[in-house]
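Participant: Have a look; sequence and predicted model below, questions after that.
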Amino acid sequence: MKTILSLSALVAVALLTGVARPASAQTQVVNVYSARHYGALEKVFAEFTRETGIQVRLSSGSSQALLERLRADGKQTPADVFLVIDAGTLQLAAEEGLLQPVRSPVLEAAIPAELRDPQGRWFALTQRMRTIAYNPKRVKPDEVQDYADLANPKWRGRLCLRPATHIYTIALTSYLIANRGERETERIVRGWVANRPQYIDSDSRILETIAAGKCDVAIVNHYYLGNALKRDPNFPVALAWANQRGSGVHVNITGAGVTAGAANRDNAIKLLEWLATRGQDAGDAGMPGGNSEYPANLTQKPPAILERFGTFKADYAAIARYGALQAQSIKLLERARYR
Amino acid sequence: MSLISALARGQRLLVPRAALFKASHLGVAVLALPLLAPLVVLLLAWLDLDLATWAHLWETLLPEMLLSTASLVLGVSVVTLTLGISLGWLMARHTFPGASLLRAALVLPLAIPSYVLGFVFMGLLDYAGPLQTALRAWFGESFEFEIRSLPGAVLVLSLALYPYVYLFAQAAFQEQSATHHDAARAMGHTAWAYFWRVALPLARPSLAAGWALVVMETLTDFAVVRYFNVITLSEGVVRLWIGQMDRAGGVQVASLLLVLALALVAGERILRYRARYLQLSGQTRPIALTPLRGWRKWLATAYAASVVTLAFGLPGGQLLVWAIEDVRSAPGGTLDVVFSTYLFNSLALSFGTALLVLLVALPLAWHLRAGSASPAVLRALIRVAAFGYALPGAVVAVGILLLLAPLNTLVAPLSSNAFLLSGSLIGLLYGYLVRFLAIGLNGAESSLEKIAPSMEMAARTLGAHSGRVIARVYLPLMRSELLTAGLLVCVDVVKELPLTMFLRPFGMETLSTWAYMLASESAWVGAATPALAIVVLSLLPTLLLMRRAVLMEVRA
């Protein structure tokens, strides 16, 4: 017993000191709370480290969980950069004073005004459209021109949706409220719910379920289909750009800001500047390219696979309201018994 | 029984206890209080009681949350107890073809975390998965069943958790003395009556310990319920706190969880109030294994084998297929570096935590044992300190973050902001300790509970001082259960997810955080590689548990 105890004590101490080894004072680092975990991002950061010598240390979680973590940290946060996949979350963090204003000519030149905070507290890095995917064998494109079309009773049992807990659903609801007001939005959402949707907490599985023949229509982020098409050019699901006669399709962003307590502020800004310029590559090594997203830096070309989706109108005006409408959207979803 | 407890009470008078013991009480209190602190911080959330939130909750999700939590706990309890007790009994008392292999293999599912089992079953069994696709090919397009449902969640959680009951049941049935068996049979009880009236009641403290683990894991599960669209209380915590930014509300719902867990476990204790189940010494005559004959032996083999296949073979095989696909498609060399680091991190954390938990649990359990003179307040304090296990990991994490935040301001200037307690290894280990103390305490306590006070009395009568009694009587008798508890902690830490997500130091990924991030995006192929690594890593302690089981058999 004693030998076992002392042996395991030795092993534990050895291992823990190994884990605890701190970055040496000379190493330049930047600590990032990141809600992106597509794997592709790792390549962007590795490239950044290769060029600048600054080590990127990631800590990941969902956008909302990371915001809550930043709140619990307060001013003493170990994070320098807050990188999430929802404009609303960035706005809330900025409003609560968790992000600091950054003046950077590089960022201001790279990112258009509607895709960044006027005070420089956050900047978009990619754009993603949440729109309608359908089974082209059973659905005609003119049946799915708008989110409201999915409330039509003919989709009963044929609709797949992401659960209410996911930030994508919440942001979509905020976009609808921003455009059409709360009452009309609630009517639409109740229409979806009345169609007894199948809730699947994964856009890629939703697409696979359409391909397998269960759902005929669904709402997904465009890049999941882009990535699926990259793997299999004949993937049997089509994309419809929603609300083209109105204000345009729902757009959200991957965006980042520098935390209020950032200990490595200069490195944090360097990282954002790099991601907004060099990191915007349309190839696999870029942030948009690696995940079939649209670049936030409009001087860059979108990834080649997205040419299949054609051109479209996106509603940039609504982005600024996602944060303020978030709580209202969650309540609306619950009231409408959206799961 | 009453004689023994009277003696136990009398013994307190016989042994002189002086100021020394008060010092030890203080020591234990100092040990227990930091474990309580995060819970206290969380309970302070009730000061922020917002009736409007609760009214809204009651109108929307709360009834469903309560109902699905109750159904889930009930379903998982019934299935795990049925599987665990029946398999434990078969393995402890009978021989049949393949029994020795299956006896060990039944523990294997412990190595698969429920969130991994969840995504594998989802991938296999949902509409787009291979099983339903094949069934549609045979039975026509209209064939389908809904795996994203309560029964789906019960299935997955039960398969992931039954080994807790099985382990405890098997050990309990195995160590029961043949004397009991012979006495019962001599008095004319049938084998069936012996099982119900002697063996099962004798095993009850152990079964309760296993079941308590199952209940707490079920109550705090947040991943499986999410995959399977079951809105339980712990899902409600996440919805309120993360979704609605209502930390106070989330924590209040979390404390409901705490109350529920407490009520269930306390209820069980009250039901066996005063009944004590003692074994007289470490060296009883074990029961001989009865060979099963005819169709019964094949039925037993088929039963145990199908459980192992469903809970381990099938998901393990699917993970292996996915992982091979992942490794083949990954660019050369990228996986090696990542893996050695994550593997190291997970390993180090699990060892360190297991040791820490045992070191803290032992003195605490010592003060809970029947013969100790610890005041009731201290006992209550220790009980409450172990509640971390009944709280969702994410909630414990926030309690710790809130607690450490003010301390950061003290520590940061000393190290010129280079070191912060939150997001440090200290914070993470602290979190693990709060969360997993219950396992260590349970193990230490139940092993102490089964050591008759008469053994200590005998040792003391022979002039042994308390240190010697602990070293020469208690520890040797407790060794196997302590080792089991330590290994359970190891497995749990390797598998642990939410707490690790919140409290780990920067840049420190473990296998579990990596697997979950990919799984939550349905990147199952990518998630399979780290998930498989978790399984393999958890297999090492699990294999040790099995070796113990085999050794017991050899001794028998």
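Facilitator: It's in. All values derive from a computational prediction rather than experimental measurement.

Participant: hey, where'd the helices end up in chain A?
Facilitator: Here chain A has its helices, by DSSP state H, at A:2-20, A:40-52, A:63-73, A:87-95, A:105-110, A:167-194, A:203-212, A:222-231, A:265-276, A:287-290, A:322-335.

Participant: Tell me which of the ones you listed is the most buried.
Facilitator: Among the helices of chain A, the stretch with the highest mean neighbour count (mean count of other C-beta atoms under 10 Å in any protein chain shown) is helix A:287-290, at a mean of 26. The way it works is simple: take the backbone N, C-alpha and C, and place the C-beta from them, glycine included.

Participant: Who are the packing partners of that helix?
Facilitator: For helix A:287-290, the elements it packs on are helix A:40-52, strand A:123-134, strand A:294-295, judged by 3 or more C-beta pairs under 8 Å, 6 or more residues apart in numbering or on different chains; DSSP states H and E.

Participant: Repeat the analysis, applying 10 Å as the threshold.
Facilitator: On a contact count with 3 or more C-beta pairs under 10 Å, 6 or more residues apart in numbering or on different chains; DSSP states H and E, helix A:287-290 meets helix A:40-52, strand A:123-134, helix A:222-231, strand A:294-295.

Participant: Mind giving me the packing neighbours of the last one?
Facilitator: Counting contacts by 3+ C-beta pairs under 10 Å, 6+ apart, strand A:294-295 packs against strand A:123-134, helix A:222-231, helix A:287-290.

Participant: ok, it: who's next to it in the sheet?
Facilitator: Strand A:294-295 pairs in its sheet with strand A:123-134 (antiparallel), by DSSP bridges.

Participant: if we can go back for a sec, B:Y127: which of the helices and strands packed on helix A:287-290 is closest?
Facilitator: Checking those against B:Y127 by C-beta to C-beta gives strand A:123-134 as the closest, at 15.6 Å.

Participant: will you turn the helices of chain A into TSV that also has mean pLDDT and distance to A:N243?
Facilitator: TSV is the format used below for the helices of chain A (pLDDT from 0 to 100; distance: least, C-beta to C-beta, whole Å):
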stretch	mean pLDDT	distance to A:N243
helix A:2-20	58	50
helix A:40-52	82	28
helix A:63-73	85	24
helix A:87-95	96	18
helix A:105-110	97	28
helix A:167-194	97	8
helix A:203-212	94	19
helix A:222-231	95	14
helix A:265-276	97	28
helix A:287-290	90	23
helix A:322-335	93	16
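
Participant: I'd like those as CSV, with distance to B:L124 appended.
Facilitator: Output for those, formatted as CSV (distance: least, C-beta to C-beta, whole Å):
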stretch, distance to B:L124
helix A:2-20, 35
helix A:40-52, 27
helix A:63-73, 28
helix A:87-95, 34
helix A:105-110, 45
helix A:167-194, 25
helix A:203-212, 13
helix A:222-231, 20
helix A:265-276, 38
helix A:287-290, 29
helix A:322-335, 30
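
Participant: Looking at those, which is nearest to B:L87?
Facilitator: Closest among those, using C-beta to C-beta: helix A:2-20, at 28.5 Å.

Participant: what sits against the residue in the stretch 201-339 of chain A positioned nearest to chain B?
Facilitator: Going by C-beta to the nearest C-beta, chain B is nearest to A:S202 of the stretch 201-339 of chain A, at 3.5 Å. With contacts defined as C-beta atoms under 10 Å, 6 or more residues apart in numbering or on different chains, A:S202 is in contact with A:162-163, A:166, A:208-209, A:220, A:224, B:119, B:122, B:227, B:519-524.

Participant: Go through those residues and say which is closest to B:L359.
Facilitator: The closest of those to B:L359 turns out to be B:A519 (C-beta to C-beta; 33.7 Å).

Participant: For the closest residue to B:F121 other than its chain neighbours, give me phi and psi.
Facilitator: Sequence neighbours aside, B:V156 is the residue nearest to B:F121 in space, at 5.3 Å (criterion: C-beta to C-beta, 6 or more residues apart in numbering or on different chains). Here the main-chain torsion angles of B:V156 (degrees, to the nearest 10) amount to phi -70, psi -50.

Participant: Touching, B:V156 and B:E217? I think so.
Facilitator: No - B:V156 is beyond contact range of B:E217, at 11.9 Å (criterion: C-beta atoms under 10 Å).

Participant: Could you check which of those two is surrounded by more residues?
Facilitator: Using other C-beta atoms under 10 Å in any protein chain shown as the criterion, B:V156 and B:E217 rank with B:V156 on top: 29 against 20.

Participant: element containing B:S340, please.
Facilitator: Here B:S340 sits within helix B:334-366, counting by DSSP states H and E.

Participant: Would you mind listing the buried residues in that helix?
Facilitator: The neighbour-count check on helix B:334-366 (16 or more other C-beta atoms under 10 Å in any protein chain shown) flags B:338-339, B:342-343, B:345-358, B:360-362, B:364-366 as buried.

Participant: Filter the residues you listed to keep only those in contact with chain A.
Facilitator: Here is what survives when the buried residues of helix B:334-366 are matched to chain A using C-beta under 10 Å from any C-beta of the partner chain: B:338, B:345-356, B:358.

Participant: Just the pLDDT for the residue lying farthest from the centre of chain B.
Facilitator: The centre of chain B is farthest from one residue, B:G140, which by C-alpha atoms, centre = their mean lies 42.5 Å away. Note for B:G140: predicted pLDDT of 85.
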